[in-house]
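Asks: coords please:
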Amino acid sequence: MPEVTFLAKLATTILATAGGAQPQPRVASTEPISSRDTVAAVEATAVPDTGPGLDAGGVRFELHGYARIPLAAQATPREPFLVDNDYYLSGFAYTRLYEPDWSELFFSASNGNYKAEFGIFASLYSDYASPELENQLGIAQASVTAKHFLDHEPLTVQLGVFWDRFGHLEPYDTYVFGRTHQGGLKVAYDLPGGGRVQTGLGMHQDQLRQNQGLTPIAHLAGSYPVGEATLGAYLLRTWTRDVRQLSPIQNGTMYVAGLDARVPIPGDRGEGYLAFAYYDMTKVLYLAPALEVMHSTGGRGLTENFLGLESSNDGTGHMYTLAGDVPAKITEDLGLRAFGMATWVRSDQVDEMDPSINRDRRMYIKWGLEPSYRVHRGVLLAARFDRVIMDLYDAENGFRVLSPRIAFPLEKWGELAFQYSHYWYGDKVALRAGQVPLVTEPDRNVFKLQAQVAW
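Replies: All right, here's what the predicted structure looks like:
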């Protein structure tokens, strides 16, 4: 049967690639691989335009993906009770030290300048855990990209369901300007001198059970090299006007604007990243999750994590975020990474007597250091220190973490790692309400085994 022969060839090609028979794309050990969809000129984890694949009948088939398989336990053993390990519910407290499992597969078929791409996402491997339907995302994305559109070489058009990622901060796996979740259209133009500009318009369907209306999203972004640095600028707007009878949905609007820069460290020792973003929000509680910002999906996530649900005028306020990441190579085997971010919040939810309720003039800060030493080509020792402050004016609402780690890099394929973490909590740090029945205190000692691969 022709289809069986084709699948056999495809499997053989993939296995040969894994064994090193063909060149591999560059692999990052932490950030999920996705389609090339950001305007940043330096994207450490972008998949090359042409990678290992199979040519058949004039069509090139490729498979790219990412898989993260963590196994974490408290010493009892049982699953750890932590405040910083839920990508969305932890909000600003998320550190990615104990991130959940996750898999992405991107299948593509290219013919000349045209490419169709399909993304499959999933979490909670069913042979290990009890799968939850909302985490089995199935075919989550599908799009068609046309390069050199209308025979104009710098012009690229993409149409379908896809994401864009703006301002990724790898140590926290967060997006300073946002990650879009949309169906829509994107137009990109390569500028002379190595720059790029793009604009797009899409939308996210309504979620009426959560009182969220149909939410369009528009963006304009660009980057351009200036000397040895690369500067970027971003402007995004998402809104809803989907007011219906007998529904509490109201008009809501959110703007995101900001700048970032990637600057090489002298002596070819790495590259630093710095970003600043401003968020203007008006009744964002009614926005569907077309835009994910700062570990907050849609307007409800931002309201829960930053603005407050009690009296923020349905998610009305402003936020200012400054973020940086400097992974430096001191010697060939010794490295030091410094990273951090701070967010200043203005909200209508004000309570001068109770800091736990107050969300106005609240400063969130987190920073970290991670020295590392390559003992052997296949052995890396590292120790990461994290400091998280959920309210600068309420010192006990924060924690510290020290996480020594031994990793075994798998060439350009991924890594295996073992990590131990000890937490020091402020007196006001507690598990989220309802997180674990009858338990309020998070664990202080946690172990993790993790494998992750990307291709």
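
Asks: quick check on the residue nearest to Asn251 when sequence neighbours are not counted: phi, psi?
Replies: Spatial nearest neighbour of Asn251, chain neighbours left out: Arg241 (5.5 Å); criterion: CB to CB, 6 or more residues apart in numbering. For every residue, glycine as well, the C-beta is placed using N, CA and C. Phi and psi for Arg241, reported as degrees, to the nearest 10, are phi -130, psi 20.

Asks: how many neighbours does Arg241 have?
Replies: A count of nearby residues for Arg241, using other CB atoms under 10 Å, gives 14.

Asks: need the pLDDT of it.
Replies: Per-residue confidence (pLDDT) for Arg241: 95.

Asks: and if you look at the one 4 residues further on?
Replies: Here the pLDDT value assigned to Gln245 is 86.

Asks: then Thr50?
Replies: Confidence score, pLDDT, at Thr50: 51.

Asks: I'd like the next helix or strand past the helix or strand of the chain with the lowest mean pLDDT.
Replies: Every helix and strand in the chain was compared by mean pLDDT, DSSP states H and E; the lowest is helix 2-18, with a mean of 35. Towards the C-terminus, the helix or strand next in line after helix 2-18, according to DSSP states H and E, is strand 53-56.

Asks: strand partners (parallel or antiparallel) of that next one?
Replies: Strand 53-56 pairs in its sheet with strand 59-74 (antiparallel), by DSSP bridges.

Asks: may I ask which helix or strand encompasses the residue lying closest to Tyr279 once chain neighbours are set aside?
Replies: Using CB to CB, 6+ apart and skipping the chain neighbours, the partner closest in space to Tyr279 is Met319 (4.2 Å). Per DSSP H and E: Met319 is located in strand 317-329.

Asks: what about that strand, average pLDDT?
Replies: Strand 317-329 carries an average pLDDT of 96.

Asks: next: stretch 173-193.
Replies: 95.

Asks: and that stretch, how far from the chain's centre?
Replies: Going by CA atoms, centre = their mean, to the nearest Å, the spacing between the C-alpha centre of stretch 173-193 and its chain's C-alpha centre is 13 Å.

Asks: quick check: the residue nearest to Asn251 touching Gly213?
Replies: Yes. In this structure Arg241 lies within contact range of Gly213 using CB atoms under 8 Å: 7.3 Å.

Asks: tell me which stretches of the chain form helices.
Replies: Using DSSP state H, the helices of the chain run over residues 2-18, 298-302.

Asks: poorly predicted segments of this protein, please.
Replies: Across the chain, the ranges flagged by pLDDT under 70 are 1-52.

Asks: give me the number of residues near the closest residue to Thr440 other than its chain neighbours?
Replies: Distance criterion CB to CB, 6+ apart; nearest residue to Thr440, sequence neighbours excluded, is Ala430 at 4.9 Å. Burial measure for Ala430: 15 neighbouring residues, criterion other CB under 10 Å.

Asks: and Ala430, what does it touch?
Replies: 83, 440-442 (CB atoms under 8 Å, 6 or more residues apart in numbering).

Asks: which of the residues you listed are buried?
Replies: 83, 442 (16 or more other CB atoms under 10 Å).

Asks: okay if I get the contacts of Ala430 as CSV plus distance to Asp260?
Replies: Compiled in CSV, the contacts of Ala430 are given as follows (distance: CB to CB, whole Å):
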residue, distance to Asp260
Val83, 28
Thr440, 39
Glu441, 38
Pro442, 33
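
Asks: and the furthest pair within the contacts of Ala430?
Replies: Pairwise distances across these (CB to CB) peak at 10.9 Å, for the pair Val83 and Thr440.

Asks: which neighbours do the two share?
Replies: With CB under 8 Å, 6+ apart as the test, Val83 and Thr440 both reach 430-431.

Asks: which stretches of the stretch 301-450 of the chain form strands?
Replies: 317-329, 334-347, 362-376, 379-389, 398-410, 414-425, 445-454 (DSSP state E, counting those that start in this stretch).

Asks: and the last one, what does it pack against?
Replies: Other helices and strands packing on strand 445-454, by 3 or more CB pairs under 8 Å, 6 or more residues apart in numbering; DSSP states H and E, are strand 59-74, strand 414-425.

Asks: could you dump those into a markdown table with mean neighbour count added?
Replies: As requested, the helices and strands packed on strand 445-454 are exported to a markdown table (neighbours: other CB atoms under 10 Å):
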| stretch | mean neighbour count |
| --- | --- |
| strand 59-74 | 18 |
| strand 414-425 | 18 |
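
Asks: now render these as JSON lines, adding distance to Ala288.
Replies: Shown next, in JSON lines, are these (distance: least, CB to CB, whole Å):
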{"stretch": "strand 59-74", "distance to Ala288": "26"}
{"stretch": "strand 414-425", "distance to Ala288": "34"}
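
Asks: so which of these comes closest to Thr253?
Replies: Comparing the helices and strands packed on strand 445-454 by CB to CB, strand 59-74 comes nearest, at 33.7 Å.

Asks: then that closest one to PDB, C-alphas only?
Replies: C-alpha atoms of strand 59-74 as PDB (Å, rounded to 0.1, in the frame of the first residue of the first chain):
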ATOM      1  CA  VAL A  59       6.400  17.900  -1.400                       C
ATOM      2  CA  ARG A  60       8.800  18.100   1.700                       C
ATOM      3  CA  PHE A  61       7.400  16.600   4.900                       C
ATOM      4  CA  GLU A  62       8.900  17.600   8.200                       C
ATOM      5  CA  LEU A  63       8.300  16.900  11.900                       C
ATOM      6  CA  HIS A  64       9.500  19.100  14.600                       C
ATOM      7  CA  GLY A  65       8.600  18.800  18.300                       C
ATOM      8  CA  TYR A  66       9.400  19.300  21.900                       C
ATOM      9  CA  ALA A  67       8.700  17.000  24.900                       C
ATOM     10  CA  ARG A  68       9.200  17.700  28.600                       C
ATOM     11  CA  ILE A  69       8.800  14.800  31.000                       C
ATOM     12  CA  PRO A  70       9.300  15.800  34.700                       C
ATOM     13  CA  LEU A  71       8.800  13.400  37.600                       C
ATOM     14  CA  ALA A  72       8.700  15.400  40.900                       C
ATOM     15  CA  ALA A  73       8.100  14.200  44.400                       C
ATOM     16  CA  GLN A  74       8.300  15.300  48.000                       C
END
